[in-house]
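Colleague: Got a sequence here, can you build the structure:
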Amino acid sequence: MTATQASCLAAGALTGRTVGWVAGTPTLALTAALAGLGARLPEADGAAPDLVVADLRDGVAPTTGDAAATLTTVFAAARAGYDLLTDASGGGLLLIAADAPGPTGAALHAGLTSLTRTLATEWAPQHIRVNCLLTPAVPTAPPLADLIGYLAGPAAALLTGQLLALTPPAARPGRTA
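Modeller: The predicted structure follows:
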């Protein structure tokens, strides 16, 4: 972590915040990283979630060439998150999808951007923020936990309708580390 990240997401930064899942299962490393930030799981105490995560990296295959089916799966997960968050009087919804190269990846990127912005606009009256994260196939847990932690915290209260990309340094144009 950089010094900026450490100061924003110090141990206990998410104390009192609940992060839940509607799709996918958090890895043990991710669960431990979130716990280190003070986040709790809704199942642990029945608390309403502050952030609902739909991790669709395993459930959708953007390389199959069927971006429409992928977006349908993403929307179904988003709808499940919406139901949880309306019961909780609002919160954040984070859709996580695997980034893919080529024409299918481009179509998926455009579809996710449009879907994320549309849902953010439509669900804003219910105080639901919607963002999407594109990741490499297997991101490491600390950067993913930091981003989830940021989106669950109060600093992201005005961030909605955004497509974020978690890109390893080696994959960034013009950078080697």
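Colleague: where are the low-confidence patches of the protein?
Modeller: Judged by pLDDT under 70, the chain has its weakly predicted residues at 1-13, 42-45, 59-65, 137-141, 168-177.
Colleague: change it to 90
Modeller: Applying pLDDT under 90 to the chain flags residues 1-74, 84, 86-90, 96-109, 133-157, 164-177.
Colleague: which stretches of it form strands?
Modeller: Counting by DSSP state E, the chain has these strands, from start to end: 19-23, 51-55, 91-98, 128-135, 162-165.
Colleague: is it possible to export those strands to CSV including mean neighbour count and distance to A32?
Modeller: Placement of C-beta: from N, CA and C, glycine included. Converted to CSV, the strands of the chain look like this (neighbours: other C-beta atoms under 10 Å; distance: least, C-beta to C-beta, whole Å):
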stretch, mean neighbour count, distance to A32
strand 19-23, 23, 13
strand 51-55, 26, 16
strand 91-98, 25, 18
strand 128-135, 24, 18
strand 162-165, 16, 23
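Colleague: so which of the ones you listed comes closest to D83?
Modeller: The closest of these to D83 is strand 19-23. By C-beta to C-beta, the value is 8.6 Å.
Colleague: hmm, who's touching the closest one?
Modeller: Strand 19-23 is contacted by residues 34, 39-43, 49-56, 59, 77, 80-81, 84, 148, 152 when judged by C-beta atoms under 8 Å, 6 or more residues apart in numbering.
Colleague: Make JSON lines from the strands of the chain and add distance to L71 to it.
Modeller: Below are the strands of the chain laid out as JSON lines (distance: least, C-beta to C-beta, whole Å):
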{"stretch": "strand 19-23", "distance to L71": "14"}
{"stretch": "strand 51-55", "distance to L71": "13"}
{"stretch": "strand 91-98", "distance to L71": "10"}
{"stretch": "strand 128-135", "distance to L71": "11"}
{"stretch": "strand 162-165", "distance to L71": "13"}
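Colleague: between the ones you listed, which one is nearest to A67?
Modeller: Of those, nearest to A67 by C-beta to C-beta is strand 91-98, at 10.8 Å.
Colleague: L112: how many residues sit nearby?
Modeller: For L112, the neighbour count with other C-beta atoms under 10 Å is 23.
Colleague: How about it: what's its closest non-neighbour residue?
Modeller: Spatial nearest neighbour of L112, chain neighbours left out: C132 (5.1 Å); criterion: C-beta to C-beta, 6 or more residues apart in numbering.
Colleague: can you tell me how far G90 sits from H109?
Modeller: Noted for G90: a distance of 27 Å to H109, by C-beta to C-beta, to the nearest Å.
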